[in-house]
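K.L.:
Give me coordinates for this.
(one chain, ligands or ions: 2)
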Amino acid sequence: MDQDVGKPDSNWRTSSTYFMPSDDAVLRRIDDRVSALTLIKKTHQELAHHDYFDPEMYAQNRDIQEMIKRGLFNRLATVFFYLTDVEEGGETNFPRADGLPQPHDFGDCSRGISVYPRRGRIIIFYSQHPSAEADEYSLHGGCQVKRGVKWSANKWIWNKPMDYIQE
Ligand SMILES: O=C(O)CCC(=O)C(=O)O
Ligand SMILES: [Fe+2]
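P.N.:
Ligands and ions are numbered 1, 2, ... in the order given. The predicted model follows:
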């Protein structure tokens, strides 16, 4: 956002993200299962893995790409995987769930709905309306890990195929 230009990234996230190609059998099986679950082809998937060591966090964000907000090529949905139990904190908070107003503090995890990390849990949420408009209510963030380590991964499901992914 304009008011954030020139500020360090650590103001809004301190966790780490790695983008992973589906280059082994386990990852390819996950691709198939996500495709079966979402009814969207594998060619539309982009896999990222995240780690958070306490007290890391990822401030509230929308997974839609701002630069192409109104475009017909964007992230339609997110399938989010919790890979570890976390002793305390690390929840994913959706502060605008149920139609709540835009928050002022993007690190405030006290409003809306929170999903706590549990190994093996997944959630799915949509970032776009069928019209391709961004869904403002999809705002979410990874709250501070207070104790323990959070490993998570997500599949960003695009509304068009990624040209580098084979069927
Ligand atoms: O860690 C979380 O719970 C959410 C992370 C997130 O919003 C993202 O990776 O885009
Ligand atoms: Fe996100």
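K.L.:
going forward, measure contacts between C-alpha atoms and count neighbours the same way
P.N.:
OK.
K.L.:
which residues of this protein fall in helices?
P.N.:
25-38 (DSSP state H).
K.L.:
Residue ranges in it under the pLDDT threshold?
P.N.:
The model of the chain has pLDDT under 70 over residues 1-5, 66-71, 165-166.
K.L.:
That one: strands as residue ranges?
P.N.:
16-19, 45-53, 58-61, 75-82, 88-89, 92-94, 113-115, 122-126, 140-142, 145-147, 149-158 (DSSP state E).
K.L.:
just those: most buried one?
P.N.:
strand 140-142 (a mean of 25; mean count of other CA atoms under 10 Å).
K.L.:
who in the protein is up against ligand 1?
P.N.:
The chain comes close to ligand 1 at residues 58, 61, 63, 91-92, 140-142, as judged by CA under 6 Å from any ligand atom.
K.L.:
which two from those end up farthest apart in space?
P.N.:
By the measure CA to CA, these have their two most distant members at Asp63 and Glu91, which lie 16.7 Å apart.
K.L.:
Contacts only, for the closest residue to Gly99 other than its chain neighbours.
P.N.:
Spatial nearest neighbour of Gly99, chain neighbours left out: Tyr137 (6.8 Å); criterion: CA to CA, 6 or more residues apart in numbering. With contact taken as CA atoms under 8 Å, 6 or more residues apart in numbering, Tyr137 is in contact with 94, 96-97, 99-100.
K.L.:
which of those residues lies closest to ligand 1?
P.N.:
Nearest to ligand 1 among the contacts of Tyr137, counting by CA to the nearest ligand atom, is Phe94 at 9.5 Å.
K.L.:
Spit out the contact partners of that closest one.
P.N.:
Taking CA under 8 Å, 6+ apart as the test, what Phe94 contacts is 111-114, 137-141.
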